[in-house]
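> Predicted coordinates and the sequence they were generated for:
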Amino acid sequence: MRITQGTFSYLPDLTDDEISAQIAYALENGWPCSVEFTDDPHPRNSYWEMWGLPMFDMTDPAAVLYEINECRRAYPNHYVRLTAYDARYGRQTTALSFLVQRPAEEPGFRLDREETSDRRVRVRVHPYALDRPQGDRYA
């Protein structure tokens, strides 16, 4: 199952040149970039681990791509995403966010159905990745 989170999630994985072009676009708009990673891509898990600090003063797309590649090297079996922030509204607002790495195998999710009182049905999303301990969720 292919996780679809963020911009470009329905497209084939971006190449480094395409990622660099998106970084350049973000930097031209004055959006600082941040690199994040996780092994739990649940849709409600919006707070991923940060790779370093957000790059507020960065102006070179190659430097941001370098940080992405370092994160990829350190966490080869995790999801890695790039997030660009737009502070024009006076608060942290995500302007652009997309995956730059996926694990080789994405186990997907299942829906757990529970019938409750008065014929109500509750449905929960259960990621198969959570069946294994953190840090060992992907090959």
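Nice, thanks for sending it over.

> contacts and neighbour counts: CA atoms only from here.
Fine.

> Show me the helices in this protein, by range?
All helices of the chain, identified by DSSP state H, fall at 16-28, 61-74.

> From the contact counts, what lies against the longest one?
Taking 3 or more CA pairs under 8 Å, 6 or more residues apart in numbering; DSSP states H and E as the contact definition, the neighbouring helices and strands of helix 61-74 are helix 16-28, strand 33-38, strand 49-55, strand 79-86.

> how far off strand 49-55 does the shortest one point, in degrees?
With axes from the mean of the first three to the mean of the last three CA atoms, to 10 degrees applied, the angle from strand 33-38 to strand 49-55 works out at 170 degrees.

> Return the residues in contact with Asp112.
Neighbouring residues of Asp112 by CA atoms under 8 Å, 6 or more residues apart in numbering: 123-126.

> quick one on the thing from earlier: out of the helices and strands packed on helix 61-74, nearest to Pro107?
Checking these against Pro107 by CA to CA gives strand 79-86 as the closest, at 12.5 Å.

> How confident was the prediction at Arg102?
pLDDT for Arg102: 89.

> ok, now which ones touch it?
77-80.

> Scan the residues you listed and report the most crowded one.
Val80 (28 neighbours; other CA atoms under 10 Å).

> partners of the residue lying closest to it once chain neighbours are set aside in the sheet?
Counting by CA to CA, 6 or more residues apart in numbering, Val80 lies nearest to Phe37, which is 4.3 Å off, once chain neighbours are set aside. Per DSSP bridges, the residues bridged to Phe37 are Glu49, Val80.

> Mean pLDDT, distance to Thr4 and mean neighbour count added to the helices of the chain, as TSV?
Rendered in TSV, the data for those read as follows (pLDDT from 0 to 100; distance: least, CA to CA, whole Å; neighbours: other CA atoms under 10 Å):
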stretch	mean pLDDT	distance to Thr4	mean neighbour count
helix 16-28	96	17	17
helix 61-74	96	19	17
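
> quick one: low-confidence ranges for the protein?
Low-confidence segments of the chain (pLDDT under 70): 1, 138-139.

> Would you mind measuring from Thr46 to Gly6?
No Thr there; residue 46 is Ser. According to CA to CA, to the nearest Å, Ser46 and Gly6 sit 11 Å apart.
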